[in-house]
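Asks: Any chance you can model this:
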Amino acid sequence: MPTNQLLIGPQALSDTMLSTSARGGKQGDAIVSELHGRYYEQTYRKNVFFAASQAVATTTVGLATTYTGLCLSNPIGSGVTLALNKASIGQSVIETAVDAFGLAVGYSGATNVVHTAALTPQSALIGSGVTPFGKVDSSATLPVAPTYHSFLQSTSSATTDVTSGMFDYEGSLILLPGAFVIWASPAASVAGMWFSFQWEENPL
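Replies: A predicted model of the protein is given here:
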């Protein structure tokens, strides 16, 4: 039977040691610690990207295919997955209606999102100049009507701005080639919005 040997208890090591056993706990569990921040490794390997509104956006009502706001799409044939890490929201114009805000998703294996007003996504390794496969738009035509995925914010009155926030999906929402995700407002068209996405790209 294969075995994996772990050294139980703390270790005092130097940088000149060529090898050592992995550290384990008293229940046979492997003990690990983060050397860097959570996203450091993938960012340094040029796999993490982001895009954000560069001007105030007015959202489309509900799940219309003629869309305005912020859309992240994975083109058909890209050969990669887009794993959403973070999404953020802000508002700079006073509300005129009570509404919720969240993400909606969709997929078409036959037709890509049509880019009406494309934005330029950036590598999170600033200065690397790496171009992602993912596409981002402030205005686009979606190939299919999206489906609500999650609701993240809401306003308490018709004269109250939405609370700004950053939401961590931790890679739990993954876009295959042909899939897309949008920021959505279900009940009303809302002006003065700012959105962003941060995602990780990996081969299929």
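Asks: all strands in the chain, in order from the N-terminus.
Replies: For the chain, the strands defined by DSSP state E cover 6-8, 22-24, 48-52, 66-73, 80-91, 100-107, 114-119, 122-123, 135-141, 147-154, 165-175, 179-184, 193-203.
Asks: closest to Ser33 out of these?
Replies: Evaluated over the strands of the chain, closeness to Ser33 peaks at strand 22-24, with 9.2 Å, by CB to CB. No exception for glycine: its C-beta is placed from N, CA and C like everyone else's.
Asks: mind giving me a markdown table with the strands of the chain and columns for mean neighbour count?
Replies: Putting the strands of the chain into a markdown table (neighbours: other CB atoms under 10 Å) gives the following:
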| stretch | mean neighbour count |
| --- | --- |
| strand 6-8 | 13 |
| strand 22-24 | 15 |
| strand 48-52 | 22 |
| strand 66-73 | 25 |
| strand 80-91 | 21 |
| strand 100-107 | 20 |
| strand 114-119 | 15 |
| strand 122-123 | 18 |
| strand 135-141 | 22 |
| strand 147-154 | 15 |
| strand 165-175 | 15 |
| strand 179-184 | 26 |
| strand 193-203 | 20 |
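Asks: any chance of those in a markdown table, with distance to Leu35 too?
Replies: Formatted as a markdown table, the strands of the chain follow (distance: least, CB to CB, whole Å):
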| stretch | distance to Leu35 |
| --- | --- |
| strand 6-8 | 19 |
| strand 22-24 | 14 |
| strand 48-52 | 17 |
| strand 66-73 | 30 |
| strand 80-91 | 19 |
| strand 100-107 | 32 |
| strand 114-119 | 33 |
| strand 122-123 | 21 |
| strand 135-141 | 31 |
| strand 147-154 | 31 |
| strand 165-175 | 19 |
| strand 179-184 | 31 |
| strand 193-203 | 19 |
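Asks: between these, which gets nearest to His36?
Replies: Each of the strands of the chain was scored for nearness to His36 using CB to CB, and the closest is strand 48-52 (12.8 Å).
Asks: Paired strands for that closest one, with orientation please.
Replies: Here strand 48-52 is paired, per DSSP bridges, with strand 122-123 (antiparallel), strand 193-203 (antiparallel).
Asks: can you tell me how far Phe50 sits from Glu201?
Replies: Counting by CB to CB, to the nearest Å, the separation of Phe50 from Glu201 is 12 Å.
Asks: ok, now which ones touch the one residue sitting closest to the centre of the chain?
Replies: In the chain, the C-alpha nearest the mean C-alpha coordinate belongs to Leu84, at 2.8 Å (CA atoms, centre = their mean). When contacts are counted by CB atoms under 8 Å, 6 or more residues apart in numbering, Leu84 touches 72, 169, 171-175, 181, 197-199.
Asks: what's the farthest-apart pair in the residues you listed?
Replies: Leu72 and Ser172, at 14.9 Å, using CB to CB across those.
Asks: And the pLDDT for Asp99?
Replies: On pLDDT, Asp99 comes in at 76.
Asks: so it touches Ser185, yeah?
Replies: Yes - between Asp99 and Ser185 a contact is recorded at 5.0 Å, counting by CB atoms under 8 Å.
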